[in-house]
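Participant: Okay, structure incoming, though there's no sequence with it:
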């Protein structure tokens, strides 16, 4: 509980420049519960950070859409596959 | 929805083959693979068979040239053969290969950019403000200098979706080498951050700050260069 409050207060006292770093970090690794809650409280009244988070979410879902598009693209062509296997065999003999 | 659906599908495809090779069984570090020419060749053939598609798509998406993509995939597999036996199984085999490919692609772009225009980055690594009238995102005290507008929902129409994904692709291409590849692995292929770190040989904090810089640059690129259409009432 103490840690929760301490983390929350620390986050609330940070300037927005640091909040932005935490929003991005949150995508890659979980924040502590206090930190995450601090951010949630902050965006209630901070329009700039709220917008930044919206944009991050927008880019994340746009990234997923791009990922689905590339998933449907053709894979390694047969002729390239063949050439690669030949070169691999040659390289294996050399070493 | 799982962020890493495409990646998970890939992993699901791998499991059968994994069970017949000691190389990918990660935790069992005692099972050192035999490092003979034949075993290296077998492994490389298997990499091409199992991971060739994703390596090809990654290289082609980044370089947009079939010749260069072929070179990258070849260099990746040859480098992996050299390092065969040193793969410790800390990450999945697929991530390990993607990590090698990421370095090869970044090297390729460093060479190309140096040859084309020495010393000029494609887009400023400093986060420029996303509004036309001010510079830098923050005031000296670290508060917002200006507030960007809302972006139009890309699910509105197929045309909007195509336009926005194309813009994202172009902006990723414009990032500095190393950042583009990290974004591609992390935010497009949806590979978990821990795996990307192992694959690219980065620490957690390295990756976090690289991703943050990249995302801020992508945001301002999308906003200024391509001007995602705004919704009414910002």
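Facilitator: Yep, that arrived. In this text, all values refer to a predicted model and were calculated from it rather than measured experimentally.

Participant: Enumerate every residue touching the spatially most central residue of chain A.
Facilitator: The centre of chain A sits closest to residue A:27, judged by C-alpha atoms, centre = their mean, with a distance of 4.4 Å. Contacts for residue A:27 (C-beta atoms under 8 Å, 6 or more residues apart in numbering or on different chains) come out as A:56, A:60, B:187, B:211. (Glycine included, C-beta is placed from N, CA and C.)

Participant: most neighbours, which of these?
Facilitator: residue B:187 (27 neighbours; other C-beta atoms under 10 Å in any protein chain shown).

Participant: per-residue pLDDT, that one?
Facilitator: pLDDT recorded at residue B:187 is 92.

Participant: Quick check: it vs chain A, distance?
Facilitator: Per C-beta to the nearest C-beta, to the nearest Å, residue B:187 is found 4 Å from chain A.

Participant: cool, residue B:206 as well?
Facilitator: 11 Å.

Participant: follow-up on the earlier one: which of the contacts of residue A:27 has the weakest pLDDT?
Facilitator: Lowest in pLDDT among the contacts of residue A:27 is residue B:187, which has 92.

Participant: Over to it. Which of the three states is it?
Facilitator: Secondary structure for residue B:187, judged by DSSP: H, G, I helix; E, B strand; the rest coil, is helix.

Participant: my guess is it contacts residue A:60, does it?
Facilitator: Yes: under the criterion of C-beta atoms under 8 Å, residue B:187 makes contact with residue A:60 at 6.5 Å.

Participant: can you tell me which residues contact the spatially most central residue of chain B?
Facilitator: Centroid-nearest residue in chain B: residue B:184, 2.6 Å away (criterion: C-alpha atoms, centre = their mean). Contacts for residue B:184 (C-beta under 8 Å, 6+ apart) come out as B:58, B:61, B:62, B:102, B:172.

Participant: what's the distance between it and residue A:89?
Facilitator: 30 Å (C-beta to C-beta, to the nearest Å).

Participant: Now do the contacts for residue B:187.
Facilitator: A:27, A:59, A:60, A:63, B:211, B:215.

Participant: redo that, cut-off 6 Å
Facilitator: Going by C-beta atoms under 6 Å, 6 or more residues apart in numbering or on different chains, residue B:187 touches residue A:63.

Participant: Residue B:111 belongs to a strand?
Facilitator: No: assessed with three-state DSSP, residue B:111 is helix; it does not lie in a strand.

Participant: neighbours of it, just the number please.
Facilitator: Number of residues near residue B:111 (other C-beta under 10 Å) recorded here: 11.

Participant: if I read this right, residue B:221 contacts residue B:171, doesn't it?
Facilitator: Yes: with contact defined as C-beta atoms under 6 Å, residue B:221 reaches residue B:171; the gap is 3.8 Å.
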